[in-house]
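[1] what shape does this take:
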Amino acid sequence: MKIVCNYTIDDYVEAQRLHRRGSIWRQWDRVVGWLFFLICAGAGLLIVVSNPHQYRIALPSLAMAVFWALLLFVFPGLRMRYIFKRSPYFSQESSFDISEEGILNENPNMRSQRSWNLFTKWAENERLFMIYSSPVQFVLLPKRSFATGAAEQLRELLRRKIPVR
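    Coordinates of the predicted model:
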């Protein structure tokens, strides 16, 4: 099966979300961030509500809440856009030839042939497939690039070729 795709920032963001779901720590770091945000914001607001004339005491707590809000909501998106824009790989059309032997990936600057025994796991959601060759390195295949029925074929091939661990 042959797949040709041009990546978008939405593909990259979605891949990062799917990757995050694959790790307990990557899921819980967000929960811990939310907890710190709520504690800081709650403490600051409690001080302001109980003693409005002493609002200066609440400023450090409210400043920490703003810092955590930036860490949770703003910086991750900025970082993903920064990485996406500066990676030449994402700006080029890539083709993938997926067969019983493995995956051949080509674009104007590279050619990579990987056999199935190199891959360790795979993940899927409604928009894409990710086929991992290490805990943090993966082949990204957006489903919008697939021909009719190709997603089912790939899913079946992945089930056969990549053992469940």
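[2] can you give me the helices in this protein?
    Counting by DSSP state H, the chain has helices at residues 9-21, 24-50, 59-69, 75-86, 88-91, 150-161.
[3] buried ones in the helix-or-strand element of the chain with minimal mean pLDDT?
    None of the helices or strands of the chain scores lower by mean pLDDT, DSSP states H and E than helix 24-50, at a mean of 82. By 16 or more other Cβ atoms under 10 Å, the buried positions in helix 24-50 come out as F36, F37, C40, A41, A43, G44, I47, V48. Placement of C-beta: from N, CA and C, glycine included.
[4] what do you get for stretch 154-161?
    Neighbour-count burial for stretch 154-161 flags L154, L157, L158, K161 (criterion: 16+ other Cβ under 10 Å).
[5] equivalent analysis for stretch 136-144, please.
    Of all the residues in stretch 136-144, those buried under the rule 16+ other Cβ under 10 Å are F138, V139, L140, L141, P142, K143.
[6] mind checking how far the fourth one is from D29?
    If you measure L141 against D29 using Cβ to Cβ, to the nearest Å, the figure is 27 Å.
[7] cool, the last one as well?
    For K143, the distance to D29 (Cβ to Cβ) stands at 28 Å.
[8] okay, domains of this protein per the record?
    Domain assignment for the chain, taken from automatic domain parsing, gives 2-9+88-161, 24-86.
[9] dump these into a markdown table; add distance to Q16 as well.
    Listed next are the domains of the chain as a markdown table, based on distance: least, Cβ to Cβ, whole Å:
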| stretch | distance to Q16 |
| --- | --- |
| domain 2-9+88-161 | 10 |
| domain 24-86 | 6 |
